[in-house]
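# Turn this into a structure:
(one chain, ligands or ions: 2)
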Amino acid sequence: MVFKALVVDIDGTITNPDRSLDLRVAKRFRELRVPVVLSTGNPLCYVHAAAKLIGLGGIVIAENGGVISTGFDKPSIIADGMEKCEEAYELLSNYFDLEKLDAAYRKTEVVLRRGMDISQLREIVEDNGMEVEIIDTGYAVHIKDGKINKGTGLHTVAELMGIDTKDFLAIGDSCNDAEMMREAGLGIAVGNADDDARKAASMVTKASFGEGMLEAIEYAFSNGLLE
Ligand SMILES: O=C(O)COP(=O)(O)O
Ligand SMILES: [Mg+2]
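Residues are numbered from 1 along each chain as shown. Ligands and ions are numbered 1, 2, ... in the order given. Okay, the predicted model is just below:
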């Protein structure tokens, strides 16, 4: 199996621990003959800027699959579900002191600064019959539609590109990458990955962060998975 594309998480996978871009990864991506699709929990403007600066295409997965861009300056596919995320946020605000992140840019999720015990948040939304999922990526807490994730996003992207989800090699570090890694032909977690990402991945690199991303690419080349 030779992969036709890469789908790659941003935070914790192509970044350094301080969230700055690992420039060696950007350089390596530019050398590849296959497209690299960025896939992130961040809002679309953030990932479009990142894709442009790295030198990648405008087809990207933003907001954990809630927003799929069909290209730079092209329409996005935006999922429903913001309303129920806002409702859950309103409810949770009665119990916790919550701080929204990037609210002005988000279309499908409510994202919060980390620091609370999310099992308590989950319990409250569950007790109130709210159908939202709450996840902690290690970078932010996301109140999201449980039916949408980077895996469903990958399906849309694969269709847009005219290839199969199994044609993708997926690399990530967090629980929000798990579905994407399972849907792809092969999932690789970087060394700093959380337990959910490790479980979903077929292999875990020795190195962490951008160094782990570079290791994943070299692994793929040395095993005939990339040309
Ligand atoms: O948005 C987050 O919480 C993390 O972003 P990521 O998906 O690029 O790692
Ligand atoms: Mg990540």
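# Using the three-state scheme, assign the residue in the chain that ligand 1 sits nearest to.
Nearest residue of the chain to ligand 1 (Cβ to the nearest ligand atom) works out as G41 at 2.6 Å. For every residue, glycine as well, the C-beta is placed using N, CA and C. Judged by DSSP: H, G, I helix; E, B strand; the rest coil, the three-state class of G41 is coil.
# My understanding was that it contacts G138; is that so?
No - using Cβ atoms under 8 Å, G41 is not in contact with G138, being 10.3 Å away.
# shared neighbours of the two, anything?
Shared contacts of G41 and G138, defined by Cβ atoms under 8 Å, 6 or more residues apart in numbering, comprise D11.
# of the two, who's got more company?
Taking other Cβ atoms under 10 Å, G41 and G138 do not tie; G41 has more neighbours (28 against 15).
# per-residue pLDDT, the more buried one?
Per-residue confidence (pLDDT) for G41: 98.
# Please name the spatially closest residue to the residue nearest the centre of the chain (chain neighbours excluded).
Against the mean C-alpha coordinate of the chain, by Cα atoms, centre = their mean, the closest residue is T40 at 3.0 Å. Spatial nearest neighbour of T40, chain neighbours left out: I10 (4.3 Å); criterion: Cβ to Cβ, 6 or more residues apart in numbering.
# Within range of ligand 2, give me the residues from the chain.
Proximity of the chain to ligand 2 is confined to 9, 11-12, 173-174 under the rule Cβ under 5 Å from the ion.
# Any part of stretch 143-158 near ligand 1?
No - figure legend: stretch 143-158 not in contact with ligand 1 (Cβ under 6 Å from any ligand atom); closest approach 7.5 Å.
# buried set for that stretch?
Neighbour counts using 16 or more other Cβ atoms under 10 Å place 143-145, 148-158 of stretch 143-158 among the buried residues.
# Kind regards, and thank you for your time.
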